[in-house]
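[1] Got a predicted structure here, sequence first:
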Amino acid sequence: MKNLLTFNRKTVVNSIGLILFLILPFLTKSFEQEYLISFFSMILIYGLAAASLDLILGFGGMISLGHAVFMGIGGYSVGVLAFHKYESSSIFGFDGTENALITWGVAILIAGVFGLLTGAVSLRTKGMSFIMITLAFAQMGYYFFVSLSKYGGSDGLSLYNRNELLGLDLGDDVTFYYICLAILVLFLLIAHRVVNSHFGKVITASRQNEQRVQVLGVASYRYKLAIYTFAAAVAGLAGALMTNQNEFASPELMHWTKSGELMVMVLLGGMGTLFGPVLGAAILLLMEYFLAMYTEHWMVVLGPFLIIVVLFAKNGLYGLLVGSKDKNV
Amino acid sequence: MNLMKKITLSLMLVMFGTLSAFGAESVKIGMITTLSTKAGYLGEDIRDGFKLAIAQGDGKLGSIPVELIVEDDGRKPGKGKQIADRFIKRDKVQILTGIVFSNVAMAVIPKVVRSNVFYVSPNAGPSKLAGKGCHENYFNVAWQNDNLHEAVGEYVTEKKFNNVYLIAPNYPAGKDAITGFKRFYKGNIAGEIYTTLGQSDYASELSALKAKKPDAVYFFLPGGMGINFIKQYAQAGLNKKIPLFGPAFSFDERILKAVGDAAVGVINGSQWSSDLDNPANKEFVAAFKKTYGRTPTLYASQGYDGALLIGSALKAVGGDMKKADAFREALKKADFPSVRGNFAFGANNHPVQDIYVREVIKDENGKFTNRIVKKVFTNHIDAYAKECAK
Amino acid sequence: MLLFIEQLFNGLQLGVMLFLMSAGLTLVFGIMQVINLAHGSFYMIGAFVAATVTLHSGSFLLGMVAGLSVAGIIGMIVEMTILRQLYNRNHLDQVLATFGLIFFFNELTRIIWGRQPLFMDIPSWLDGTVEIFAGIEYPLYRLAIIFVGFIVALFLYLLFSRTRLGMQIRAGATNRDIVAALGVNIKLLYTLVFGLGVMLAALAGVMAGPILAVEVGMGESILILTFVVIIIGGIGSVKGAFAGALLVGMVDTLGRAYLPTILSLLLSSELGETLSAPIASMSIYMMMALILAFKPNGLFPIQSRLDS
């Protein structure tokens, strides 16, 4: 928290970013571009997912290529509960519901538990094997939902409405936008505290030199598993928001290219910076959006752009903005 | 520190710049379709068929000037949803069309038709939208997903095949396909296999199939999966022993180019064929070949019919989309010269049409195409129409 | 029983195909420590070029030569301009950059060749089926794939155990600096190794062309399986890639063939039917997760720099 309050370039950038996100709805309104709001909500949601990935990727040094599966699980939690509400049936003895407090909670819980279980296995491996085992779990999730015909399989599951949250109208794009923003900011604050805590220090230290940490008698495995689970749970929440945003859940959410995109967002923005991935999400989605408007062959531009960022902006675009090589927030 | 601000501001300017480019007079039609990914050619054909109809009317459909905006959904439901949102809110589009795949359709259509936007489907026809989920603003100008499979089921029964082996990918459209086939097939089922979506090697399935000694095989494997399957089926020497049947999706003229001789002789079900004998179709096929230098596929015919259908309704309301009820009535009448000949809408706004079986042939120029063998159904109505209560 | 033998051949053939892909990938990873997601793109390029040349010249062999050379040249250019910058970077940068390459190559292919899948046929001299056992008719072309795979395996074995170049490559993998100090041009060596890896991928693409759809994105379908193979085998080990490829090929093929029957014996038939398809799809991933849980470095771990 201290860092946030001291006046430096990073604080200025972060504040500008926050202010920009806060006034975006007004900007779009005054330019009569309200349709963009839901697009910006999408940026926030991807930003949340990417920032959660940054916890394990940037801070923990664990390269996961299966993070999207947690989004998918979160997304389906919302979708399935809404489905049962609509059908007035129950699942495992629970009635369906559209109450966001429950559905989002369930999303966080199930994604977290799945993260804990798969993490416990995955974290036994390192490097390339870790990349692939996370991918393997994600693929299993993908094929599971593709063949789950009761919930639409690959056709996905439509929501009739967005969830209800404490009497707020989530169907209103601006309200939903601010809820996403609030959740994102809250997560960034918590995550910022976590990384700068003793707990976070152990994680960072074990990224740099795991043996030394273990010699000191710290069971780094448990710490890593904890952060992995936390990141999974947050990605689950992002998935729940995504399903609300799209009013739709589909296995597409957890396809491995989605995990790849999340990874791209983190790297594009700047690894280990928490705020960077949000910026990365914004840049990637904006590029996709605008390039697609000008050419159907937009990927031929995006590809080299990614390569150039890797080659010339080592700390990502956020690194360029704040101009520091300091990896801690 | 100002960089981000600058970027954002310039991006905003770009956005508004593109907006002012649109004219005010013409009726806007939003086309969300799949142009990228492996399946990109499907969207390309739908788009090109649609554009052909506009070009033939000198930028007009039903004498009303139209403006077509096309965007690629990348086969992703989320992206399709986003594009629909943008078309409706930014461009004030009231007519949408173009979606190729059921999963994108399910994400987009139920929502948009509830907000007084018309959707004319040139391809996907998921059962959910034909039955309980039908809507007065949703029109399907192609088929209900099961239709083509039903036709082959009927034909196979007629031809006295009595032990058929079934293969489809393990996803909803695959299950629907098999259900559709079985609805009209009365014989014994030698085996029923669901493969992984996107699978490319079918050696294992082919060996198992061969061992069951069926007297025919029915498969539904859209896109590249079908190309792989048909080639490997022929390479295993099975095409000479066990006749293969499928829906038109694996036998459109562009896939045939990639499959070659392996597909010759295969019987497939379709609602359209380039050799359908009616004036509208002859004109369409000739014009399409002239404009794009390739034989149209059924997707192109569906795009073309979709454009003509919209044109007929636009004409009825004089291009005034505020007359939504009149526009809907006019769509419902389906008063346009369909390249399929007979065409009407049923109670659920899905086609009531004839369905044929075609045979893959090599024409005199050495090109692979289809020839109609038989009309299997006349004025066929889909099985879900009765569930649609409005 | 006959069916089972036939399925074994199917598994072997799929395994060999995977081996062609994974040998190149594992070489590049083992020696340069670089993760190349774009490996599948070279598979695709090989297939597209070969299909085009075969169609116009009528000669499959000419197509193969063209596919291998074009892919090899593009691969070496990519190595010299982009990948070379990434050798000392972390895996993440490599993933991102090569992810970018996938986008680029896919879209470029679409611009050059259009959206339509290409046609590529089996050469007439490999067409048809042969009777390998009494009662088993097997496509000749698939036997040819198996043959090519074993030739490549033999070639790689000889290259590494019998030639100077192979020794330099192995030495370079263990300690780059010392080898460089001994006067070996490491840069050139790396470019060559990468070129070799790319050509193996292209060879897989060319061989796959006649049985599979030659289409944009075909590389990604096989890429994931390839990664599974080299992880199971132990990264960097060609021997491991061979074992892993055969294992994955067998498990995938036999799983698809027999899981439905086995599951319906174990479970109620309805549940078995519902579960068999998704489980068959997942079988290799489950196998990989299992193997990694017990042998985190794969079946044939390379001792050298695995923990770097």
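    Now that the structure is in, tell me what you want to look at.

[2] Kindly tell me how buried residue 158 is, as a neighbour count.
    Looking at chain A here, since you left the chain open. Per other C-beta atoms under 10 Å in any protein chain shown, the neighbour tally for A:Ser158 reads 25. No exception for glycine: its C-beta is placed from N, CA and C like everyone else's.

[3] The chain in question should be chain B.
    For B:Glu158, using other C-beta under 10 Å, the count is 13.

[4] What helix or strand is the nearest residue to it once chain neighbours are set aside located in?
    Distances taken as C-beta to C-beta, 6 or more residues apart in numbering or on different chains place B:Val376 nearest to B:Glu158, at 7.8 Å, with adjacent residues excluded. Secondary structure assignment for B:Val376, by DSSP states H and E: strand B:368-380.

[5] Please apply the same query to C:Leu156.
    Element membership for C:Leu156, per DSSP H and E: helix C:140-162.

[6] list the buried ones in the strand holding B:Val376?
    The neighbour-count check on strand B:368-380 (16 or more other C-beta atoms under 10 Å in any protein chain shown) flags B:368-370, B:372, B:376-377, B:380 as buried.

[7] Which one of those is nearest to chain A?
    Ranked by distance to chain A (C-beta to the nearest C-beta), those are led by B:His380 at 23.5 Å.

[8] mind listing what the closest one touches?
    Going by C-beta atoms under 8 Å, 6 or more residues apart in numbering or on different chains, B:His380 touches B:147, B:150-151, B:352-355.

[9] Just those: which are in helices?
    The helices in this structure, assigned by DSSP state H, contain B:147, B:150-151 from those.

[10] can you tell me which of the residues you listed lies nearest to chain A?
    B:Asn147 (17.5 Å).

[11] Residue 68 - how many residues pack around it?
    Picking chain A for this. Residues near A:Ala68, counting by other C-beta under 10 Å, number 30.

[12] Chain B is the one I meant
    For B:Leu68, the count of nearby residues is 21 (other C-beta under 10 Å).

[13] Angles on the backbone of it, please.
    phi -100, psi 120 (degrees, to the nearest 10).

[14] where does the nearest residue to it once chain neighbours are set aside fall, helix, sheet strand or coil?
    Spatially, and ignoring its direct neighbours in sequence, B:Leu68 is nearest to B:Ile29 (5.2 Å; C-beta to C-beta, 6+ apart). Using DSSP: H, G, I helix; E, B strand; the rest coil, the secondary structure recorded for B:Ile29 is strand.

[15] cool, and C:Tyr138?
    Here C:Tyr138 is strand, with the state taken from three-state DSSP.

[16] my guess is it meets C:Ile145, correct?
    No. The pair C:Tyr138 / C:Ile145 is not scored as a contact, 11.2 Å apart, by C-beta atoms under 8 Å.

[17] now the strands for the chain?
    In the absence of a named chain, this looks at chain A. A:90-91, A:94-95, A:157-158, A:248-249 (DSSP state E).

[18] wrong one, I was asking about chain B
    Ranges of strands in chain B, per DSSP E, are B:27-33, B:60-61, B:64-72, B:95-97, B:118-121, B:138-140, B:163-169, B:188-195, B:216-219, B:244-247, B:267-270, B:344-345, B:351-362, B:368-380.

[19] could you dump those to TSV with mean pLDDT?
    What follows is those, written out as TSV (pLDDT from 0 to 100):
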stretch	mean pLDDT
strand B:27-33	92
strand B:60-61	89
strand B:64-72	90
strand B:95-97	94
strand B:118-121	94
strand B:138-140	93
strand B:163-169	91
strand B:188-195	88
strand B:216-219	94
strand B:244-247	92
strand B:267-270	91
strand B:344-345	91
strand B:351-362	92
strand B:368-380	90
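
[20] List the buried residues in the lengthiest helix in chain A.
    Among all segments of chain A classified by DSSP H, the helix with the greatest residue count is helix A:220-246. By 16+ other C-beta under 10 Å, the buried positions in helix A:220-246 come out as A:220, A:223-246.

[21] again, but for stretch A:117-133
    By 16+ other C-beta under 10 Å, the buried positions in stretch A:117-133 come out as A:118-119, A:121-133.

[22] Am I right that the residue nearest to B:Glu158 is in contact with B:Gln271?
    No. B:Val376 lies out of contact with B:Gln271 (C-beta under 8 Å); the separation is 10.4 Å.

[23] overlap in contacts of the two?
    Common neighbours of B:Val376 and B:Gln271, using C-beta under 8 Å, 6+ apart, are B:355-356.

[24] what angle do the helix or strand containing C:Ile5 and helix C:140-162 make?
    Per DSSP H and E: C:Ile5 is located in helix C:2-32. Relative orientation of helix C:2-32 versus helix C:140-162 (axes from the mean of the first three to the mean of the last three C-alpha atoms, to 10 degrees): 40 degrees.

[25] Would you tell me what the next helix or strand after helix C:2-32 is?
    That would be, after helix C:2-32 and using DSSP H and E, helix C:39-57.

[26] touching chain B at all, that following helix?
    No. Helix C:39-57 stays clear of chain B (C-beta under 8 Å from any C-beta of the partner chain), getting no nearer than 9.1 Å.

[27] Only C-alpha atoms, please: export that helix in PDB.
    The C-alpha trace of helix C:39-57 is given here as PDB (Å, rounded to 0.1, in the frame of the first residue of the first chain):
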ATOM      1  CA  HIS C  39       6.400 -25.800 -35.100                       C
ATOM      2  CA  GLY C  40       3.000 -26.700 -36.400                       C
ATOM      3  CA  SER C  41       3.100 -23.800 -38.800                       C
ATOM      4  CA  PHE C  42       6.100 -25.400 -40.600                       C
ATOM      5  CA  TYR C  43       4.100 -28.700 -40.800                       C
ATOM      6  CA  MET C  44       1.300 -26.600 -42.500                       C
ATOM      7  CA  ILE C  45       3.700 -24.800 -44.800                       C
ATOM      8  CA  GLY C  46       5.300 -28.100 -45.800                       C
ATOM      9  CA  ALA C  47       1.900 -29.600 -46.600                       C
ATOM     10  CA  PHE C  48       0.700 -26.500 -48.600                       C
ATOM     11  CA  VAL C  49       3.800 -26.200 -50.700                       C
ATOM     12  CA  ALA C  50       3.900 -29.900 -51.400                       C
ATOM     13  CA  ALA C  51       0.200 -30.000 -52.300                       C
ATOM     14  CA  THR C  52       0.600 -27.100 -54.700                       C
ATOM     15  CA  VAL C  53       3.700 -28.400 -56.300                       C
ATOM     16  CA  THR C  54       2.300 -31.900 -56.600                       C
ATOM     17  CA  LEU C  55      -0.900 -30.600 -58.200                       C
ATOM     18  CA  HIS C  56       1.000 -28.700 -60.900                       C
ATOM     19  CA  SER C  57       3.800 -31.100 -61.500                       C
END
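
[28] That one vs chain A: in contact?
    No. Using C-beta under 8 Å from any C-beta, we find that helix C:39-57 stays clear of chain A, coming within 10.2 Å at best.

[29] how big is the angle separating that helix from helix C:2-32?
    Using the same axes, to 10 degrees, helix C:39-57 lies at 110 degrees relative to helix C:2-32.
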